[in-house]
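Novice: Mind looking at a prediction? Sequence and model below.
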Amino acid sequence: MSTVPGGAIPGDPASEAMVRLLHGTDSAELCRREEAGQLNEVSNETVLRRLLERVGVSRLLAPGEDLMTADGQLNGVLRLSDGQDHDLLQLVPSLLRRKVADDRAHEADSGRALQVTAAQGFEAGDAAIVRHRSVSPAALNPHVLGEDIEGGALTQVYLLMALMATYTAWPHFIPAAAAFDAATGLPPEPEAELRLPAESVLVFHDGIPLPAVTADDDALHAHATARFSTMSEGAGDPFFDREPLIVGGVLMGHPGDGTGGDHLLDEDLGWLMIARRTDDGNHHFSQVPVTQLENTGPAARILRNYAALLALEGWDIPPPMPGRARTGGKGSKKGSSTLSPSERRRRAQTPQARAGALLRVRSLTAPPHRPAPAFPAQAAAPAGQAQYREWRRAHFTRNTRRHLLDADGRPVLDEHGRPSGPVYGPDAVEGETFIRRRTWVRGTWINEHLPPRPGAAPVYALDPRLARTPQEPS
């Protein structure tokens, strides 16, 4: 089964933007590479089989029945142990429909729909809302909406895989302070082994405009200037006209079968989550499949950067829900399905639920950026010297000395709550008081004592159509 997305439409702005996001080039160059045989067709039968097993399809099969046909194609109709034939496109949604319904109920109970549809101000507890809004309605109702899907059966399989990957993934949240660095930073070198915390992981964060994600170093300066001045001064709303926003992704790891490659990043396939603003100001979420994560396109870079953060950085675990420790008796905590509507609402709005306790959502440990100082206009610097501050995008170092870390990526502390030993100096001993590892360096201003470059585009300007007061006539 081939899983290569359909071709781009040359000259169409939306199509060209998607090609540049996925491949780092325009459609003309992509066609040239394809004609020259430089693009490898990707096959993901193995990933598809693993996903079907994880949602429970394999356990339902009748004896002798297989998920694939003899020639490696997906078996669209399966004989189950009940002796009946079932359409696979209907079977998978039926197995996940309860989870999707619970997520929709949580959205209503939590009162967080406004923040999520704005694609800003996310919290760890929004994972359920983000994932159910990201999956395609056509994946949940294939024969109702399937006729309107461009790409036919292949696209249906992609939607099915995205649904299964999203609903078997462990959610992880990147706070607003680190979202810009996560979406625009550079991952480690290609040969780095990145081990995920689970076989599939969902990462989400506040929306970052697509132009910032695909920007080169010069253009990124303007985006960083506007992003952090907005966050520190609270001036304006972080919108970029109607450009899509990157809000996260879904990553796959190799299965945990004890062979040594447990949960290593699977570079064959991942999904990028994108939010597009509609006429009413809300955002519509969708997922875009990204193949060959070792390529140089921005989409692959973003997903590899997420994988590096998952593998190398510290993540906070959510606090337990109240009463979770009680397992029986009259005082035991009732399951969500037996709670009354008012009890469900109270439960969904507790601080623990908002911190991600219901889905065990881990949050990246990330202090906020220090805002760069504001400078009045001043005389130009002498020739040969820097005149303006510059933004250096987030990246990973190699062989940096670090304190000993525990399984959660946090420094090992002694009985006084201090790191276990020296990292530098004559008493530092590698392997006993420190280790060497790749380390994430946050985006930062170089020569921050200098003024910003003049004429930076206001990339985070408030769209007049969303203004709360009418604009004065020009």
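Specialist: Happy to help now that I have it.

Novice: Next, the buried residues of whichever helix in the chain runs longest.
Specialist: Counting by DSSP state H, the longest helix found in the chain is helix 88-110. Across helix 88-110, burial judged by 16 or more other CB atoms under 10 Å covers 88-89, 91-93, 96, 99-100, 103, 105-107, 109-110. Every C-beta, even on glycine, is put in place using the N, C-alpha and C of the backbone.

Novice: do the same with stretch 66-82
Specialist: 67, 74, 78, 79.

Novice: starting at the chain centroid, how far to it?
Specialist: 32 Å (CA atoms, centre = their mean, to the nearest Å).

Novice: pull the CA atoms of the longest helix of the chain into CSV?
Specialist: What follows is helix 88-110, C-alpha atoms only, in CSV (Å, rounded to 0.1, in the frame of the first residue of the first chain):
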residue,chain,number,x,y,z
LEU,A,88,-12.8,-2.1,8.4
LEU,A,89,-13.5,1.6,7.8
GLN,A,90,-16.6,1.2,10.0
LEU,A,91,-15.0,-1.2,12.5
VAL,A,92,-12.2,1.0,13.7
PRO,A,93,-14.4,4.1,14.4
SER,A,94,-16.8,1.9,16.4
LEU,A,95,-13.9,0.8,18.6
LEU,A,96,-12.9,4.4,19.3
ARG,A,97,-16.3,6.1,19.4
ARG,A,98,-16.6,5.9,23.2
LYS,A,99,-13.3,7.7,23.6
VAL,A,100,-14.3,10.4,21.1
ALA,A,101,-17.7,10.8,22.9
ASP,A,102,-15.9,11.2,26.2
ASP,A,103,-13.7,13.9,24.7
ARG,A,104,-16.6,15.8,23.4
ALA,A,105,-18.4,15.6,26.8
HIS,A,106,-15.2,16.8,28.5
GLU,A,107,-15.1,19.8,26.1
ALA,A,108,-18.7,20.8,27.2
ASP,A,109,-17.9,20.1,30.9
SER,A,110,-14.6,22.0,31.0
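
Novice: right, and the helix or strand after that helix?
Specialist: helix 113-118 (DSSP states H and E).

Novice: counting contacts, what elements does that next one pack onto?
Specialist: helix 127-134 (3 or more CB pairs under 8 Å, 6 or more residues apart in numbering; DSSP states H and E).

Novice: so the helix it packs on versus helix 88-110, what angle?
Specialist: Calculated by axes from the mean of the first three to the mean of the last three CA atoms, to 10 degrees, helix 127-134 forms an angle of 130 degrees with helix 88-110.

Novice: helices or strands next to the very next helix or strand once past helix 127-134 in the packing?
Specialist: Next helix or strand after helix 127-134 toward the C-terminus (DSSP H and E): helix 137-140. Helices and strands touching helix 137-140, as assessed by 3+ CB pairs under 8 Å, 6+ apart, comprise helix 88-110, helix 152-167.

Novice: Lowest average pLDDT across those?
Specialist: Ranked on mean pLDDT, the bottom entry among the helices and strands packed on helix 137-140 is helix 152-167, at a mean of 84.

Novice: Show me the chain divided up by domain.
Specialist: Domain assignment of the chain by automatic domain parsing yields the ranges 47-59+85-320+340-388+453-468, 395-441.

Novice: Return the most buried member of the ones you listed.
Specialist: Mean neighbour count (mean count of other CB atoms under 10 Å) peaks for domain 47-59+85-320+340-388+453-468 among the domains of the chain, with a mean of 18.

Novice: Please, where are all the helices along the stretch 151-300 of the chain?
Specialist: 152-167, 176-184, 210-213, 217-233, 298-312 (DSSP state H, counting those that start in this stretch).

Novice: Export the first one to PDB, keeping only CA atoms.
Specialist: Spelled out, it's helix 152-167. Output of helix 152-167 as PDB, limited to C-alpha atoms (Å, rounded to 0.1, in the frame of the first residue of the first chain):
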ATOM      1  CA  GLY A 152     -10.200   8.100  -2.600                       C
ATOM      2  CA  ALA A 153      -9.300   5.000  -0.800                       C
ATOM      3  CA  LEU A 154      -5.700   6.100  -0.100                       C
ATOM      4  CA  THR A 155      -6.900   9.200   1.700                       C
ATOM      5  CA  GLN A 156      -9.400   7.100   3.700                       C
ATOM      6  CA  VAL A 157      -6.500   5.000   4.900                       C
ATOM      7  CA  TYR A 158      -4.500   8.000   5.900                       C
ATOM      8  CA  LEU A 159      -7.500   9.400   7.900                       C
ATOM      9  CA  LEU A 160      -8.000   6.000   9.500                       C
ATOM     10  CA  MET A 161      -4.300   5.800  10.500                       C
ATOM     11  CA  ALA A 162      -4.400   9.400  11.900                       C
ATOM     12  CA  LEU A 163      -7.400   8.500  14.000                       C
ATOM     13  CA  MET A 164      -5.800   5.400  15.500                       C
ATOM     14  CA  ALA A 165      -2.400   7.100  16.100                       C
ATOM     15  CA  THR A 166      -4.100  10.100  17.800                       C
ATOM     16  CA  TYR A 167      -6.300   8.000  20.100                       C
END
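
Novice: by contact count, what packs against it?
Specialist: Under the contact criterion of 3+ CB pairs under 8 Å, 6+ apart, helix 152-167 touches helix 45-54, helix 88-110, helix 127-134, helix 137-140, helix 142-145, strand 245-252, strand 269-277, strand 283-291.

Novice: between these, which one is nearest to residue 357?
Specialist: Proximity to residue 357, assessed across those by CB to CB, is greatest for helix 127-134 (10.7 Å).

Novice: what distance separates the closest one from the centre of its chain?
Specialist: 12 Å.

Novice: same deal with stretch 123-133?
Specialist: 12 Å.

Novice: what sits up against it?
Specialist: 100, 102-104, 106-107, 110, 112-113, 115-116, 122, 166-167, 169, 171, 173, 202, 204, 247-248, 273, 285, 318, 348, 353-359, 361-363 (CB atoms under 8 Å, 6 or more residues apart in numbering).
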